[in-house]
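**Q** For reference, the sequence and a predicted model appear below.
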Amino acid sequence: MIVCVCKSVSDRTIRSSIADGIDSFDELQFELGVASCCGKCEESVRDVMLQSGVCASRCGVGIDHQHVQSVAQVAQVSFYERKAA
């Protein structure tokens, strides 16, 4: 799957780079050019890194399970009816 459309970088390319020793987002950005044009792919690149087990220490993405649970409990949606003046 193409992750970075601007530079035509796939998830396979990212995983291959990680296997070759790249272990931070900054290194991936430098080597592959991801998230250097429009920036829309940054979250997807970080997700691929997280799935590859790299992000726990180097790429700035971590999973805080306690925070996720508290957000899920707090996130309630309220709808308000707008009345005409």
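**A** Received it, and whenever you're ready, just let me know what you need. None of the values given here were measured: they were computed from a predicted structure.
**Q** Give the full set of residues in contact with residue 15.
**A** Taking CB atoms under 8 Å, 6 or more residues apart in numbering as the criterion, residue 15 is in contact with 48, 52. Yep, even glycine has a C-beta here, placed from its N, CA and C like the rest.
**Q** and it, that's in a strand?
**A** No. Counting by DSSP: H, G, I helix; E, B strand; the rest coil, one finds residue 15 to be helix, located in no strand.
**Q** number of nearby residues for the nearest residue to residue 44 once chain neighbours are set aside?
**A** By the measure of CB to CB, 6 or more residues apart in numbering, the closest residue to residue 44 outside its immediate chain neighbours is residue 3, 4.8 Å from it. Other residues lying near residue 3 total 22 when counted by other CB atoms under 10 Å.
**Q** Can you list the strands that the host helix or strand of residue 3 pairs with?
**A** Taking DSSP states H and E as the definition, one finds residue 3 inside strand 2-4. Sheet neighbours of strand 2-4, with direction, are listed as strand 9-10 (antiparallel) (DSSP bridges).
**Q** Report the separation between the residue nearest to residue 44 and residue 21.
**A** Relative to residue 21, residue 3 is positioned 19 Å away (criterion: CB to CB, to the nearest Å).
**Q** One more: residue 6?
**A** Residue 6 sits 24 Å away from residue 21, taking CB to CB as the criterion.
**Q** Name the SS class of residue 35, please.
**A** coil.
**Q** ok now do it, which residues does it touch?
**A** 4, 25, 29, 41-42, 45.
**Q** let's see it at 7 Å
**A** Applying CB atoms under 7 Å, 6 or more residues apart in numbering, we find residue 35 in contact with 4, 29, 41-42, 45.
**Q** Need the phi and psi values for it.
**A** Its backbone dihedrals place residue 35 at phi 60, psi 30, with angles given as degrees, to the nearest 10.
**Q** same thing with residue 11?
**A** Taking degrees, to the nearest 10, you get phi -60, psi -30 for the backbone angles of residue 11.
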